[in-house]
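Trainee: predicted coordinates and the sequence they were generated for:
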Amino acid sequence: MTVPQRWPLPTMAFGGDWNPDQWPREVWQHDITLMRELGVNLLSLPVFAWPQLEPSEGEYRTDWLAEILDALDAAGIGVALATGTATPPAWLVRAHPEMLPVRADGVRLDFGSRQSYCPSSPVFRAKVAALTTILATRFGDHPALRLWHVSNEYGDHISRCWCEVCAASFRRWLLRRHGSLAGINAAWGTKVWGQLYTDVEQIEVPRVTPGPDNPARLLDFERFCSDNVLELFRLELDILGELTPGVPRTTNFMGLFHDLDYWRFAAVEDLVSNDAYPDPGNTASHTDIALSYGLMRSLKSRPWLLIESAPSAVSWRPVNVPKAPGQLRAHALQAVAHGSDGAMFFQWRAARTGPERFHSAILGHRGEASRSFAEASQLAADLATLAPVAGSRVRSSVAMVVDWDTIWALRPDASLPAEISWHAEAYQHHAALHQLGLAVDSVALPGSDLSRYAVVVAPTLYVTSDAQAEALTEFVRGGGTLVVGAFSGVVNECEQVHAGGPPGPLRELLGVEVDEQWPLLETDEQIVEFDSGARTVGRFWAEWIEPSDDVEVVAHYDGRPLHDLPAITRRRLGEGAAYYVSAGLPLDSLTPWLHQVCAEAGVDVRMSANPSVEVVTRTDGATDYVFVINHAPTPAEARGPADADVLLAPDGDPPVRRASGLSITLPPFGVAVLRMPSTTPSLHHVHSIEV
Ligand code: GAL
């Protein structure tokens, strides 16, 4: 038998989750015929079919799945074969109730939804390994197999558990990390509040406590929980890697998911895939989702795959707003613009039962007559046109530091000077950069190659190690521009305040010392005045900082309580510059300030007159593909170079070519893709589209 080329597909992926196991056999062939007509080339299945694959202990039934895979192969449709391990069957849970997860308050969660397992459970892990082995052995050579889709959305419902088995694993994990009981006591600073442990068995998972918990214990628990789920993932990956070498393995991520350190997850899989559900009811959702797309393409510095998205409404928000006509396409092509080599949906056929019976599908309850079906059909044609874009990279000259230690440590109950969330600060900084027409990548510290970027932004880097500070210093010395937000360099990896106070290991690089954090009450009106004379009222946060002599003050506080003290500083070092922003800036002043910073750093900034129109460029080195996406329900205009080739024309009036340029009218949620020769091999953001 000839081994098929499994991955990448020769074109953009198009398809979605299909759950034939939930439908009678008569529906299968009908669905496959429709899929073929529509141009589906990739399906995820059978994600939740463990009870059908193993109806009782050790009784495996895979013939039905073989029949489906054969039929799909005959229709030329590939499969991201799910290992089916995301939800253990009732018989297994009832035989081993100890595998059900336990909450921090001691309540054991019952069977009746999905993901009803403790990630540490030995019996669960053994059964996962057995099922994965059965599927890999039976289907590893199947010609329809393109990818392994391992489990499903790890951590969606359960990423942590507070049971005794987890407590024992946590203790082992702590000993590995800190070396000994003395090491744990020292790392956690347990002499405070009489928390000293004299035997490792005294250490528990952080259950509900009378007062504030030890922050270092909480941070280690977050790390442990992420690593624990990673161990579960690796269990399946190792089996698949051994039995089916050459078949790529992925698990579907959930954007900027709080609970799992995706840098570590991406490092062990072959392809990054992601589920994205931007809220059609929120006009800013296309901006926010772009931040997570930047993470996805950066995790492996390669194209990724949008493996799940909604054709229209979801069923899990308080109000599930459907996508407006055209929005299915705009959302899908936004992901492609940001580096996804395809667009897939949850799900092919709408469920009539269960909690997702009101979730949209390509085939809604009206079948082929559904609006989603027509819109998906147009998207399929677009994706076929965009086949040459597959494999290309996104041009980006700006990156944001994404660091799970800081994400986890800045928890609302972490006994901080005031509530400060990495996500809120990251979205705020990203919104400003997005408005400047910049596609923002993500970087891990240390680890990522920062030299690819002109500007690196760390909205807040609360937990900072020496290695991170070194990587940032090297970046600045080499000519980079660094923007560090408030409350950075505060603690080390054990959540101990750096000796001498913040910004700890960043002190020399930034050239400032923080005397005190100065959180603001909502009623405080702390003015920040820029050297341009522009003034703004700071949001929620300020700091009393003392700059060193070689530091320039680019904005200062005006009026009480921090009158005349520096608010934003710049230190030039080597070829580059490092800014420290001690104030919480509102978006309308952060945006123009970052505009200036990026322009000075040589970034090709194009402030959009219409923030609803997004322009993103992918390049294969020889050709640039410029995506112009209108995210608004009203038409928009854009202008491109006169000689640009229109690869994908928007609906409605065709672009008009004049000597002065190409005029494009985008209908509501319209998308155009232009093709032009690459002007520069660097990935720096360069496009010539005026919006
Ligand atoms: C995802 C999940 C799918 C489906 C979808 C609905 O989180 O992986 O199985 O539930 O959400 O939006």
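Mentor: Perfect, thanks for sending it.
Trainee: just the mean pLDDT for the strand or helix carrying residue 441, thanks.
Mentor: In the assignment (DSSP states H and E), residue 441 maps to strand 440-443. The predicted model assigns strand 440-443 a mean pLDDT of 98.
Trainee: tell me the helices and strands packed up against the next helix or strand along the chain from that strand.
Mentor: On the C-terminal side of strand 440-443, the closest following helix or strand by DSSP H and E is strand 455-458. Applying 3 or more C-beta pairs under 8 Å, 6 or more residues apart in numbering; DSSP states H and E, one finds that strand 455-458 contacts strand 398-401, helix 466-477, strand 481-485, helix 587-600. Using the backbone N, CA and C atoms, a C-beta is placed for each residue, glycine as well.
Trainee: next, format these as CSV and append mean neighbour count.
Mentor: Putting the helices and strands packed on strand 455-458 into CSV (neighbours: other C-beta atoms under 10 Å) gives the following:
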stretch, mean neighbour count
strand 398-401, 26
helix 466-477, 20
strand 481-485, 26
helix 587-600, 18
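Trainee: so for residue 283, which of those sits nearest?
Mentor: Counting by C-beta to C-beta, residue 283 lies closest to helix 587-600 out of the helices and strands packed on strand 455-458; the figure is 14.0 Å.
Trainee: could I have the closest one exported to PDB, CA atoms only?
Mentor: Extracted C-alpha coordinates of helix 587-600, given in PDB (Å, rounded to 0.1, in the frame of the first residue of the first chain):
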ATOM      1  CA  LEU A 587      -6.400  53.100  25.600                       C
ATOM      2  CA  ASP A 588      -6.800  56.500  24.100                       C
ATOM      3  CA  SER A 589      -3.500  57.600  25.300                       C
ATOM      4  CA  LEU A 590      -1.700  54.200  25.200                       C
ATOM      5  CA  THR A 591      -2.400  54.000  21.500                       C
ATOM      6  CA  PRO A 592      -0.800  57.300  20.300                       C
ATOM      7  CA  TRP A 593       2.100  56.700  22.700                       C
ATOM      8  CA  LEU A 594       2.800  53.200  21.400                       C
ATOM      9  CA  HIS A 595       2.400  54.700  17.900                       C
ATOM     10  CA  GLN A 596       5.300  57.000  18.600                       C
ATOM     11  CA  VAL A 597       7.400  54.300  20.200                       C
ATOM     12  CA  CYS A 598       6.900  51.900  17.300                       C
ATOM     13  CA  ALA A 599       7.500  54.500  14.700                       C
ATOM     14  CA  GLU A 600      10.800  55.500  16.400                       C
END
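Trainee: just the CA trace of stretch 233-245, in CSV.
Mentor: C-alpha atoms of stretch 233-245 as CSV (Å, rounded to 0.1, in the frame of the first residue of the first chain):
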residue,chain,number,x,y,z
PHE,A,233,-1.1,14.4,27.1
ARG,A,234,2.4,12.9,26.9
LEU,A,235,1.0,9.5,27.8
GLU,A,236,-1.0,9.5,24.6
LEU,A,237,1.6,11.2,22.5
ASP,A,238,4.3,8.7,23.4
ILE,A,239,2.0,5.8,22.5
LEU,A,240,1.1,7.4,19.2
GLY,A,241,4.6,8.4,18.4
GLU,A,242,5.8,4.8,19.0
LEU,A,243,3.0,3.0,17.1
THR,A,244,2.4,5.5,14.3
PRO,A,245,5.6,7.5,13.7
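Trainee: what about the helices in the stretch 301-450 of the chain?
Mentor: Applying DSSP state H, counting those that start in this stretch to the stretch 301-450 of the chain gives helices spanning 327-337, 371-385, 404-409, 422-435.
Trainee: buried stuff in the helix or strand hosting residue 297?
Mentor: Assessed by DSSP H and E, residue 297 sits inside helix 285-299. Using 16 or more other C-beta atoms under 10 Å as the test for burial, helix 285-299 gives 285-299.
Trainee: then stretch 181-193?
Mentor: For stretch 181-193, a neighbour-count test (16+ other C-beta under 10 Å) marks 181, 184-185, 187-190 as buried.
Trainee: list the contacts for residue 558?
Mentor: Applying C-beta atoms under 8 Å, 6 or more residues apart in numbering to residue 558 gives the contacts 527-529, 535, 564.
Trainee: neighbour-wise, which one of the residues you listed leads?
Mentor: residue 528 (27 neighbours; other C-beta atoms under 10 Å).
Trainee: now do the host helix or strand of it: which elements does it pack against?
Mentor: Following DSSP H and E, one finds residue 528 within strand 527-530. In terms of contacts (3+ C-beta pairs under 8 Å, 6+ apart), strand 527-530 is packed against strand 535-537, strand 552-558, strand 566-573, helix 587-600.
Trainee: please name the nearest non-neighbouring residue to the residue most central in space within the chain.
Mentor: Residue closest to the average C-alpha location in the chain (C-alpha atoms, centre = their mean): residue 255, at 2.6 Å. Nearest non-adjacent residue to residue 255, counting by C-beta to C-beta, 6 or more residues apart in numbering: residue 292, 3.4 Å away.
Trainee: just list the residues touching the one you found, thanks.
Mentor: By C-beta under 8 Å, 6+ apart, the neighbours of residue 292 are 255-256, 274, 276.
Trainee: list the buried residues for the longest helix anywhere in the chain?
Mentor: Of all the segments of type helix in the chain, defined by DSSP state H, the longest one is helix 215-243. Within helix 215-243, the residues scored as buried using 16+ other C-beta under 10 Å are 215-230, 232-237, 239-241.
Trainee: hmm, residue 583 is touching residue 565, no?
Mentor: No: using C-beta atoms under 8 Å, residue 583 makes no contact with residue 565, being 10.2 Å away.
Trainee: next to the ligand, which bits of the stretch 301-450 of the chain? Give me the list.
Mentor: By the rule C-beta under 6 Å from any ligand atom, the part of the stretch 301-450 of the chain lying against the ligand is 308, 310, 314, 346, 356, 359.
Trainee: pLDDT weak spots in the stretch 251-400 of the chain?
Mentor: For the stretch 251-400 of the chain, applying pLDDT under 70 flags no range at all.
Trainee: neighbours around the closest residue to the ligand within the stretch 401-550 of the chain, how many?
Mentor: Closest to the ligand within the stretch 401-550 of the chain is residue 423: 18.4 Å, counting by C-beta to the nearest ligand atom. The number of residues packed near residue 423 is 14, by other C-beta under 10 Å.
Trainee: name the nearest residue to residue 11, sequence neighbours excluded.
Mentor: Spatial nearest neighbour of residue 11, chain neighbours left out: residue 387 (4.0 Å); criterion: C-beta to C-beta, 6+ apart.
Trainee: what's the burial count for the one you found?
Mentor: Other residues near residue 387 come to 13 when the count uses other C-beta under 10 Å.
Trainee: ditto for residue 166
Mentor: Neighbour number of residue 166 under other C-beta under 10 Å is 24.
Trainee: roughly how far apart are it and residue 112?
Mentor: Applying C-beta to C-beta, to the nearest Å, the value for residue 166 to residue 112 is 21 Å.
Trainee: identify the residues contacting the closest residue to residue 148 other than its chain neighbours.
Mentor: Excluding the flanking residues, the one nearest residue 148 by C-beta to C-beta, 6+ apart is residue 249, at 4.4 Å. Residues in contact with residue 249 (C-beta under 8 Å, 6+ apart) are 147-148, 150, 236-237, 240-241, 269-271.
Trainee: and if we set it to 6 Å?
Mentor: Neighbour list for residue 249: 148, 150, 237, 240, 269-270 [criterion: C-beta atoms under 6 Å, 6 or more residues apart in numbering].
Trainee: just residue 577 next, same as before
Mentor: With the criterion set at C-beta under 6 Å, 6+ apart, residue 577 makes contact with 481, 570.
Trainee: and the strand or helix carrying it with helix 422-435, angle?
Mentor: Using DSSP H and E, residue 577 maps to strand 576-581. If you take axes from the mean of the first three to the mean of the last three C-alpha atoms, to 10 degrees, strand 576-581 sits at 120 degrees to helix 422-435.
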